[in-house]
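S.K.: sequence-free structure coming up:
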Ligand code: G3H
Ligand code: ZN
């Protein structure tokens, strides 16, 4: 069934567990998340990024309808989340399309501009019952410096600044920079677990780990023990998907039916989903 992200995150946090959010690009991604969640007997968050919406020609309604139909038909509890939204128009479209949560990403802006834009997004979301995640991007930087990418190697979120940011914006969850970075195809990231503990103690809202594809199993388990709650996984599904497609096409030079390679690709993604879901308790 389709449930809300806020409910899944609150439950996980209260139990001392994590909850995983998987990025959906194609219908097969959504089906794989549902299959993996059913097999693992765990809930999951289906997230669609602004980039994925752009890939579908800006037709949020189409990818959202397909993904939420998959969630409704599943025996697993699944929620629908809009990820890395920078465009305020897209944020506003989240409500009519049935998203229960949005990650509003103003992390490229200066601290002051990030706070202002995010506080506006939170006000808009809370008037409609939408849970808002945000990211603090400029970490420890001084006024006038170019904003840093929060997930660039070496960048870290400062606990005192994070606490001020959450108080000033009213966000429901905070994405933090603790050593992971996006789009890694090898699981070699080393997290700063002491910092995760300090951040969890400093901010009253659940923490979100982005770029979890590059984080080894043990590091994810330890991060949850230190207070990380929402675990975002994208690239690992694409690695599984593309590996199967490549193997099929290499072995079948004259094959043309996409179902022949999308079926094993979907199955491989479901296995990856179940693997991550098994780490969260
Ligand atoms: O918001 C999405 C995630 O941070 C996914 O990152 O593709 O590196 O796993 P990843
Ligand atoms: Zn991310």
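M.R.: Alright, I've got the coordinates. Treat the numbers as computed from the prediction; the structure is a model and nothing was measured. Ligands and ions are numbered 1, 2, ... in the order given.

S.K.: so the residue sitting nearest the centre point of the chain, which of the three states?
M.R.: Central residue of the chain (CA atoms, centre = their mean): residue 232, 3.5 Å from the mean position. Using DSSP: H, G, I helix; E, B strand; the rest coil, the three-state assignment for residue 232 comes out as strand.

S.K.: was I right about it contacting residue 210?
M.R.: Yes. Residue 232 lies in contact with residue 210 (CB atoms under 8 Å); the separation is 4.9 Å. C-beta coordinates here come from the backbone N, C-alpha and C atoms, glycine included.

S.K.: shared neighbours, those two?
M.R.: When contacts are counted by CB atoms under 8 Å, 6 or more residues apart in numbering, residue 232 and residue 210 are jointly contacted by residue 175.

S.K.: Provide the backbone phi and psi angles at the nearest residue to residue 5 once chain neighbours are set aside.
M.R.: With CB to CB, 6 or more residues apart in numbering as the criterion, residue 5 has its nearest non-adjacent residue at 3.6 Å, and that residue is residue 101. Main-chain dihedrals, residue 101, degrees, to the nearest 10: phi -160, psi 150.

S.K.: Test my guess that residue 101 contacts residue 3.
M.R.: No. In this structure, residue 101 is not within contact of residue 3 by CB under 8 Å, at 11.0 Å.

S.K.: So what are the sheet partners of the helix or strand where residue 47 lies and their directions?
M.R.: Residue 47 belongs to strand 44-49 when elements are defined using DSSP states H and E. Strand 44-49 has its sheet partners listed here by DSSP bridges as strand 19-23 (parallel), strand 78-85 (parallel).

S.K.: quick one: it to chain centroid distance?
M.R.: Here strand 44-49 is found 6 Å from its chain centre; the criterion is CA atoms, centre = their mean, to the nearest Å.

S.K.: got the buried residues for the helix or strand following it?
M.R.: Going down the chain from strand 44-49, the next helix or strand is helix 50-55, by DSSP H and E. Along helix 50-55, these residues count as buried under the neighbour rule (16 or more other CB atoms under 10 Å): 50, 52, 53.

S.K.: Contacts for stretch 58-65, please.
M.R.: 24, 48, 52, 53, 56, 80, 90, 93, 94, 97, 98, 99.

S.K.: pLDDT on it, on average?
M.R.: Average pLDDT, stretch 58-65: 98.

S.K.: And stretch 159-174, by the same measure?
M.R.: So the average pLDDT for stretch 159-174 ends up being 97.

S.K.: near ligand 1, which residues of the chain?
M.R.: 23, 83-84, 182-184, 210-214, 232-236 (CB under 6 Å from any ligand atom).

S.K.: switch to 5 Å and redo it
M.R.: 83, 182, 183, 210, 211, 213, 232, 233, 234, 235 (CB under 5 Å from any ligand atom).

S.K.: How about residue 234: what's its closest non-neighbour residue?
M.R.: Per CB to CB, 6+ apart, closest to residue 234 is residue 23, 3.5 Å.

S.K.: closest point of the stretch 51-200 of the chain to ligand 1, which residue?
M.R.: In the stretch 51-200 of the chain, the residue that lies nearest ligand 1 is residue 182 (4.2 Å; CB to the nearest ligand atom).

S.K.: you'd agree that residue is up against residue 238?
M.R.: No. Contact criterion CB under 8 Å: residue 182 and residue 238 do not qualify, at 11.9 Å.
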